[in-house]
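*Asks:* the sequence isn't on hand, but the structure is:
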DNA sequence: CCTTTATCTGTTAACGTTTTCATAATAAGC
DNA sequence: GCTTATTATGAAAACGTTAACAGATAAAGG
């Protein structure tokens, strides 16, 4: 494997000169620079990052952490953030992708291994990890969840507003009794969405059919099971708020099987605006979570945190958007 | 930041002893080992990987490469492989995730940066990269695509058999004219699935409606557009083979919009058995690609390639499974 | 042509580990 | 208690790079 010294020997210069030349140090004469460069490319030389990292006290690695890789992380988030990070980072940086839930030892995972950390957080369980990273003084940004603390760069998403807005819409269309299929318990989004759901219904003094508020796990089959349960009730609500689109898709399946028409017999609202929301039948009315925007803002912040020592840590909140499609019936319509 | 020398000073021993103690070298007395260990954990010590890597000539990083992060890589593959790799690897290893399509320089991305490489390949375009890795002598395994070469550990998926099997099933149910929505041109799966489709139909001397063979891009909206195009033909086939489930979902949407019933008026077959295939209406008949099995076999191989110098490189082929659901009509039925 | 300054290059140490080799301390054998 | 064998520890070098400092060469000024 070619090192800086191999090149030095061939070029008849010292390895220091080679180092300088390859790093574009203007002190080295242009002619020798070219000669060295030529030899380097011929040998397919590429610097040893361990050595470089040792002296520069850098690792050339950014850690990207999700609450969990297996469960609950939307694909789009994964790919969106990975792509953006790669584009934003210098080519010499690597991206290490991890799930916080299968980290055995924070020391090993973080300390003297990473130059910066991006966390896409779904759960309060991540707080311990976030705190650890912060304490170790690494550049850090947390995406998705709104943190309580303000000493961390943070881009959150407004789950509450999204849910509330969607429920207001349902109320406006004349719905009076509601049910909900809830998300994974440990996810903060689940409790926030539930709270917004409850708050809005109560505010309007409308009814929640408590038997029609059932747990789910953010995947289609849990939505399916939950909806079956709801549809077997002696009487069911006019609208079910599903805490995400995948569960809404499962719920829809249950409706089809039991010959309950959507939206004629029951209305459905989802959350996320997944790619499939528009393609199911009926197209799903849902709350769009602009992952692209979240990622963009977050990685802009990360850039600041990494490169601008003057940067004042900030917290931003990204707003949802109600996407009206065909899964909610207008009960006020006079037909 | 605590180093081995910090610990040495506190413990009143040489840094060499600390190194040995922490690495479980039996030469060091148990009592001193414990003393050192205690100090280390108190300081939250964690070894500097650059330094260790420099002397051991290791990087403690495994590269995971997809043809592209943004497009065409199924989520399940991403999460499945990441999860499995993490579980299989020693805790000290990191996982660097990349898209081959946005690699600017193979040297920088690979050389003296990685201890091993896992490629999930969709396209022949990856061959150059695969070749580069192989030439540099890194432990390598390629998943998903069946390679021509046999000097690389390889687990491929049998797209041909899957498609053929599904088409045979359609023929058995009495279908006589066929159309297809194709995948991304540069993906090898696209051409293989097309070939199998053509081969099977021709073998049975049945008809392909050439206007009903339209290009797609493996996403739902391309399936939607393609199906619209097909349904506008003066006459359409009895069955459309969609090169993946997402496009089938889009196609289904088009059918709904144009009041073409599935499977009564037209039959649909997908590919992949995505999570959603079972949840759309009608549930999609499709070909299951067992990503779990592919990953498992592949990472078993990777383990061998990494750790067993005796290992004989091998090529394995994973078989598909036809999943019969409700989107194909039985034309032989006498009702 | 000699001195001064500017430009370029080399020597050396350092980063935090592991490893080889030597040596000090202890235990065993008589 | 003295030699030998065993066990535990330390000193020094090495990995490939960068950086501080010094030194050499070339250009400029008189």
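*Replies:* Received, thanks. Source: prediction; values computed, not measured.
*Asks:* quick check, the helix or strand residue A:83 falls within touching chain B?
*Replies:* In the assignment (DSSP states H and E), residue A:83 maps to helix A:75-88. Yes - in this structure, helix A:75-88 sits against chain B according to C-beta under 8 Å from any C-beta of the partner chain; the contacting residues are A:75, A:78, A:79, A:82, A:83, A:86, A:87. C-beta here means a position set from N, CA and C on the backbone, and glycine is covered the same way.
*Asks:* burial of the residue lying closest to the fourth one once chain neighbours are set aside, as a residue count?
*Replies:* Which is residue A:82. Spatial nearest neighbour of residue A:82, chain neighbours left out: residue B:69 (5.2 Å); criterion: C-beta to C-beta, 6 or more residues apart in numbering or on different chains. Using other C-beta atoms under 10 Å in any protein chain shown, residue B:69 has 23 other residues around it.
*Asks:* then residue A:276?
*Replies:* Counted with other C-beta under 10 Å, residues neighbouring residue A:276 total 26.
*Asks:* who are the contact partners of it?
*Replies:* By C-beta atoms under 8 Å, 6 or more residues apart in numbering or on different chains, the contact list for residue A:276 reads A:245, A:249, B:220, B:249, B:276.
*Asks:* out of these, which is nearest to DNA strand C?
*Replies:* The nearest member of these to DNA strand C, counting by C-beta to the nearest atom of the strand, is residue A:245 at 47.0 Å.
*Asks:* I figured that closest one hits residue A:286, correct?
*Replies:* Yes - counting by C-beta atoms under 8 Å, residue A:245 touches residue A:286, with 5.7 Å between them.
*Asks:* and for the two, which residues touch both?
*Replies:* The contact lists of residue A:245 and residue A:286 share A:270, A:271, A:272, A:273, A:274, A:277, where a contact means C-beta under 8 Å, 6+ apart.
*Asks:* between the residues you listed, which is closest to residue A:103?
*Replies:* Taking C-beta to C-beta as the measure, residue A:103 lies nearest residue A:272 of these, at 26.1 Å.
*Asks:* pLDDT wise, what is the residue nearest to that closest one when sequence neighbours are not counted at?
*Replies:* Excluding its sequence neighbours, the residue lying closest to residue A:272 (C-beta to C-beta, 6+ apart) is residue A:245, at 4.7 Å. In this model, residue A:245 is scored at 97, pLDDT.
*Asks:* which residues touch stretch A:18-37?
*Replies:* Contacts of stretch A:18-37 with the rest of the structure, by C-beta under 8 Å, 6+ apart, involve A:4, A:5, A:7, A:8, A:11, A:13, A:17, A:40, A:45, A:47.
*Asks:* for the third one, give me its contacts.
*Replies:* With contacts defined as C-beta under 8 Å, 6+ apart, residue A:7 is in contact with A:15, A:18, A:36, A:39, A:40, A:43, A:45.
*Asks:* now for the one helix or strand residue A:107 maps to, which elements pack on it?
*Replies:* Under the criterion DSSP H and E, the helix or strand holding residue A:107 is helix A:106-110. For helix A:106-110, the packing partners by 3 or more C-beta pairs under 8 Å, 6 or more residues apart in numbering or on different chains; DSSP states H and E come out as helix A:127-135.
*Asks:* ok, residue A:47 touching residue B:107?
*Replies:* No - the pair residue A:47 / residue B:107 is not scored as a contact, 9.7 Å apart, by C-beta under 8 Å.
*Asks:* the two: which is more packed in?
*Replies:* Here residue A:47 and residue B:107 are compared on neighbour count by other C-beta under 10 Å; more neighbours surround residue A:47, at 21 against 17.
*Asks:* pretty sure residue A:298 is touching residue A:155, no?
*Replies:* Yes - with contact taken as C-beta under 8 Å, residue A:298 and residue A:155 are classed as touching, separated by 4.3 Å.
*Asks:* now the common contact residues for the two.
*Replies:* Overlap between the contact sets of residue A:298 and residue A:155, as judged by C-beta under 8 Å, 6+ apart, is given by A:141, A:143.
*Asks:* neighbours of the residue nearest to residue A:272, just the number please.
*Replies:* The burial metric for residue A:245, expressed as a neighbour count using other C-beta under 10 Å, is 28.
*Asks:* now do the one 10 residues further on
*Replies:* Close neighbours of residue A:255, defined as other C-beta under 10 Å, add up to 23.
*Asks:* does it touch residue A:267 like I think?
*Replies:* No - Residue A:255 is beyond contact range of residue A:267, at 10.5 Å (criterion: C-beta under 8 Å).
*Asks:* surely residue A:210 forms part of a helix?
*Replies:* No - assessed by DSSP: H, G, I helix; E, B strand; the rest coil, residue A:210 does not belong to a helix; its assignment is strand.
*Asks:* what's the residue nearest to residue A:272 sitting at in phi/psi?
*Replies:* Recorded main-chain torsions at residue A:245 are phi -70, psi -40, according to degrees, to the nearest 10.
*Asks:* check residue A:335 and give its pLDDT.
*Replies:* According to the model, residue A:335 carries a pLDDT of 63.
*Asks:* go on, residue A:75?
*Replies:* Model confidence at residue A:75, given as pLDDT, is 78.
*Asks:* so what's it up against?
*Replies:* Taking C-beta under 8 Å, 6+ apart as the definition of contact, the neighbours of residue A:75 are B:75, B:78, B:79.
*Asks:* would you mind measuring from the first one to residue A:287?
*Replies:* I take that to be residue B:75. With distances taken as C-beta to C-beta, to the nearest Å, residue B:75 is found 21 Å from residue A:287.
*Asks:* cool, and residue A:184?
*Replies:* Noted for residue A:184: a distance of 17 Å to residue A:287, by C-beta to C-beta.
*Asks:* those two - which one has more neighbours?
*Replies:* Using other C-beta under 10 Å, the more surrounded residue of residue A:184 and residue A:287 is residue A:287, with 28 against 22.
*Asks:* so what's the residue count around residue A:16?
*Replies:* The local packing count at residue A:16 equals 12, with neighbours defined by other C-beta under 10 Å.
*Asks:* try the one 3 residues further on
*Replies:* Here the neighbour count serves as a burial measure; for residue A:19 (other C-beta under 10 Å) it reads 18.
*Asks:* any idea of the angle the next helix or strand after the helix holding residue A:107 forms with helix A:127-135?
*Replies:* Sequence-wise, the next helix or strand beyond helix A:106-110 is strand A:116-120, with elements assigned using DSSP H and E. Orientation check (axes from the mean of the first three to the mean of the last three C-alpha atoms, to 10 degrees): strand A:116-120 against helix A:127-135 gives 160 degrees.
*Asks:* mind listing what strand A:116-120 pairs with, with the direction of each?
*Replies:* Strand A:116-120 pairs in its sheet with strand A:61-66 (parallel), strand A:140-144 (parallel), by DSSP bridges.
*Asks:* tally of neighbours for the nearest residue to residue A:219 once chain neighbours are set aside?
*Replies:* Spatial nearest neighbour of residue A:219, chain neighbours left out: residue A:246 (5.6 Å); criterion: C-beta to C-beta, 6+ apart. The burial count assigned to residue A:246 is 28, neighbours taken as other C-beta under 10 Å.
*Asks:* up against DNA strand C, what does the stretch 51-200 of chain A have?
*Replies:* Taking C-beta under 7 Å from any atom of the strand as the test, the list of the stretch 51-200 of chain A residues beside DNA strand C reads A:51, A:54, A:55, A:57, A:112.
*Asks:* for the second one, give me its contacts.
*Replies:* Under the criterion of C-beta under 8 Å, 6+ apart, the contact partners of residue A:54 comprise B:48, B:50, B:51, B:54.
*Asks:* for these, which one is nearest DNA strand D?
*Replies:* Distance from DNA strand D was checked for each of those by C-beta to the nearest atom of the strand. The minimum falls on residue B:54, at 3.8 Å.
*Asks:* which pLDDT value does the model give that closest one?
*Replies:* For residue B:54, the model assigns a pLDDT of 95.
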